[in-house]
Structure formats: C-alpha cells, structure tokens
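**Q** need coordinates for the below:
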Amino acid sequence: MLAKDTIETVNLDKNIIKVSDYIIIQRQNYKKLHQLKKRDCVRLGKRFMFIELDNIISEEYNSIFKLESKGKNNYYLTKVENATNIQLPDARECGDDNRDILDDGKSQKLSTKEISELQEQAVGAQNIIGKIVSNSSTFAAKTEFSQEKYVKKKEKKYYEYVQILKPSIVHLMEIYYRLSPIKVLGLRIDDLSQILYYSNVHCNGNYLIYESGTSGVPVAAMLERIGNYTSGKLIHVHPGNEPQSQAIRAMQFSEDLMTKRYVNVNIYSVLRHYYQNFKFSTNKRKMDETDNGETPSKKIKTDEENVQNLDQIEPLKPNGGGVDKDKKWIQDNEQGCQILDEKVDALVIIAKEHPAPILDAFIDFVNLSRPIVVFSDCIQILTDVYMHLKKSKKVTYLRLSNTFMRNIQVLPGRSHPDVNRNFGGYMLFGYTVNDNKSDL
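**A** Down below sits the predicted model:
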C-alpha cells in the first residue's frame, strides 16, 4: 500500500506546473514552448501580448486560463473550467452571394482607437466581436459561410483563453515545423514516426544517432521509446562542442534516463578515443588473458584506415587544453566507446552534412541484420549514399522513399485539401550484412 501511494504521489507531482519546467502555451492553434521562471512574463503572438505567468504555478497541466487585461497589451491569467467560443445567433439575416460587396475599408464604423478602448475595458471577446459585427455595414449582406469565416477571423484575434500543456514529441514537432521547416530539415511528424519504426527502437537495445539541425527532436523521441529503468542505451553523436538539446530538455526526462541510458559525444572525439585509446587497451587486455599468447584471428584496423574520411578535421580539445580525467567529456567518450564496442542495434543519421563519411565511420559498429536509416531534405544526397552503399555491399534491401502528406479540411459541404502542401524530406533505409566472404 505504501509503494502504491508513493507512485501516485510521484505521478501527481509530475502533473503539477513548477518553476523551471518547460511548458507549452496554446492559444487556439498557436503554440509556444517556454521555460517557466519566477515572476515570469511571456510575449505571445504577433500582437505583442505580454502575459504574466505567476498564477499558473502549482496548477495542473492542461488547465485553461482566461486573459485578464491590465492595460494596453498587458494581461494576467485566471483559471477557468472551460473556454467559451463566440456564438452567432441562429436566426440572422444573410445574403445570397458576395458579388455586390465592395471592400473599400469604410464598412466598419468603429475606429481602431475605439476597439482598443474596448479591449482595455475588458468587456470580453464576445462583446467586442458583437460590437464589431453590429457596426459593420456589409456583414448582413454576406453569405452564411462568409459570416462564419469573418467571425472566426475576429475570434482568432480577440480570443481570451490559453491552455498550459505538458511538452510532448507531437507538440514539439508542430512548434518547430511551424516556426521554420528548414530549421528541422523538413522533418515532419510522419517522417519521425517512420524513422522510429524502421530503426526498431525499443527498451532493450543499443542505438546510435547522428543528429544536427533538428533541435534534438529525433533524439528525444528515441529516448522516450527507450524509457526509464530499462537496459536500452542511446549514443547521441554530434559535430560540435555541445548537441542541440532544447527538445531533450523540454521533455524533462528522469535522471535515470539521462545519466544511465543516454550519452552525447562529439563525432571526431569519440572515434579517435576509440581507435587510439579504447580499442588498443581492450585488445591488449584480451591478448593478456589468452593462455597460449596467440593473437586474435581478426586483424585490428589502424586509426588511419578507420577514420580516413575524418582525419582532415582536428578533434575538439577540452577547455583549457589539458587532459583532465574528471572532465565529463572524457567520461562520455569512455561510455560511448563501451557501447560502440558492444555494437549497436540501429544507426540513424539525420544531418545537414553529407552522410556518406558518417556512414563509413560508424557502419562497422552496427550488428548484422540491423537497420540503418538516413534522412535528408535533399534527394540527390541520398541517391549518392544509395550508390555508395550498393558498392560497399555492407547493406541490403536498400529503399529510398518520400511520403506525400496533405492536410484536408473536413466541413459540411466544403471539404477539400489544403492549398499549401507540407514538403517533408527523403529517407533511405536498409539492413546490414556481412561483406567478408571468408567469414561465411
């Protein structure tokens, strides 16, 4: 009984909004990721709405709050049970068509100053939109559909409710993709789901992902799949001093997952550490353990042979230049080398760089009959990688694909695909095989 009560308390605590938590503020279809602080204020939307967030602390996630005016464009939040939408009267005058309506900018009798005064008086969105509609000389002449569209447009501008959501992979993908598809390499939520599917991420495997240019969303998705208190591990390889980790921080993973299941390493640093230090010491230890002193049957590849595509770039050095064994980057390299030595169950590459040298550097660390997934926003790059892997004979069942996705508006009498189509990226996947005929 005590253990059950403890679990319920922990789950309840996770559902409470606390200072330093990452939250998602949603106002209709607009979402914004924000890290909560004491006496915090956030700017929301294009109208430069400044909202105080003190009242949301210690409340539950998914709670709805109403915007209360404190003056021009300044608001504070009060908790409410439900949000109310703008309702038009059922019996109202409508026109047959809009052909005689002239948009000359003179149909609205209320001035911008008068509308701003209504907002400062906090009369409510329903009353503001009602006054705008009653003072419009052309509203009654519009068709029923045009009237609904007009009211929805005004409701979007004067909507007075926000909802505080807990970050999730779906929410993060929507936010990043809406901000700029280029900044996430065109990676959509359906592309991410396919990457997780083809790489077969689960709780008991070791995985390696090279990621740059997607704010860490694919890494966070793989960590979520691995989960807490499992035997799975993830190596996050990146090209710089520090990885792009905003999405990982926003997911607020547990300490067990971040310290025991996840390690991030620089690509040049971990490869040189493996071939120059880790592999040499490991093989020396194996040779010392043999009774007859015979060397292993397989020859050890030299550092020059294995990192020939990367040796033109100098490895990143720790701050201060000296080698300090207590530094975290050395510990991360050692932990990453241990996982590489055990070999991984999938290799995922999502990069702005050309993936061929990265594949050559890490493909030998993948177990046989395991998936390799490469994502890029350019099909020509993946075509080159396809031919490169075909010649290497290390990967079979190679497939190059692109998913067509288009949102569809479903409304009575006016269902149609959206005019703008979201262009995603391209995906190359296959399975590793043994290319050494002597081992068969």
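**Q** what about residue 422, how many residues nearby?
**A** 15 (other Cβ atoms under 10 Å). C-beta coordinates here come from the backbone N, C-alpha and C atoms, glycine included.
**Q** how close does it get to residue 406?
**A** 7 Å (Cβ to Cβ, to the nearest Å).
**Q** now do residue 238
**A** 33 Å.
**Q** pick out whichever of these two has more residues nearby.
**A** Shown here are residue 238 and residue 406; by other Cβ under 10 Å, residue 238 has more neighbours (20 against 10).
**Q** bridged to that one, which residues?
**A** Under DSSP bridges, the beta-bridge partners of residue 238 are residue 266.
**Q** need the per-residue pLDDT for it.
**A** With respect to pLDDT, residue 238 scores 95.
**Q** wait, it sits on residue 269?
**A** No - at 10.3 Å, residue 238 and residue 269 do not qualify as touching, with contact defined as Cβ atoms under 8 Å.
**Q** dump the residue contacts of the spatially most central residue of the chain.
**A** In the chain, the C-alpha nearest the mean C-alpha coordinate belongs to residue 217, at 3.0 Å (Cα atoms, centre = their mean). Going by Cβ atoms under 8 Å, 6 or more residues apart in numbering, residue 217 touches 169, 172-173, 176, 184, 187, 192, 247.
**Q** biggest separation within the residues you listed, which pair?
**A** 169 and 184 (12.5 Å; Cβ to Cβ).
**Q** which of these two has more neighbours?
**A** residue 184 (25 against 21).
**Q** ok, that one to residue 35 distance?
**A** 20 Å.
**Q** also residue 433?
**A** Counting by Cβ to Cβ, the gap from residue 433 to residue 35 is 46 Å.
**Q** could you do residue 431 as well?
**A** For residue 431 relative to residue 35 (Cβ to Cβ), the value is 41 Å.
**Q** and residue 244, by the same measure?
**A** 16 Å.
**Q** what do you get for residue 340?
**A** From residue 340 over to residue 35 (counting by Cβ to Cβ), the distance is 33 Å.
**Q** compare these two (neighbour count), which wins?
**A** Using other Cβ under 10 Å as the criterion, residue 340 and residue 35 rank with residue 340 on top: 24 against 14.
**Q** got the CA positions of stretch 116-124 in CSV?
**A** Output of stretch 116-124 as CSV, limited to C-alpha atoms (Å, rounded to 0.1, in the frame of the first residue of the first chain):
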residue,chain,number,x,y,z
SER,A,116,-8.6,49.3,-28.4
GLU,A,117,-10.6,51.0,-25.6
LEU,A,118,-13.0,48.1,-25.6
GLN,A,119,-10.1,45.7,-25.1
GLU,A,120,-8.7,47.8,-22.2
GLN,A,121,-12.1,47.9,-20.5
ALA,A,122,-12.0,44.0,-20.5
VAL,A,123,-15.6,43.7,-21.8
GLY,A,124,-14.8,40.2,-23.2
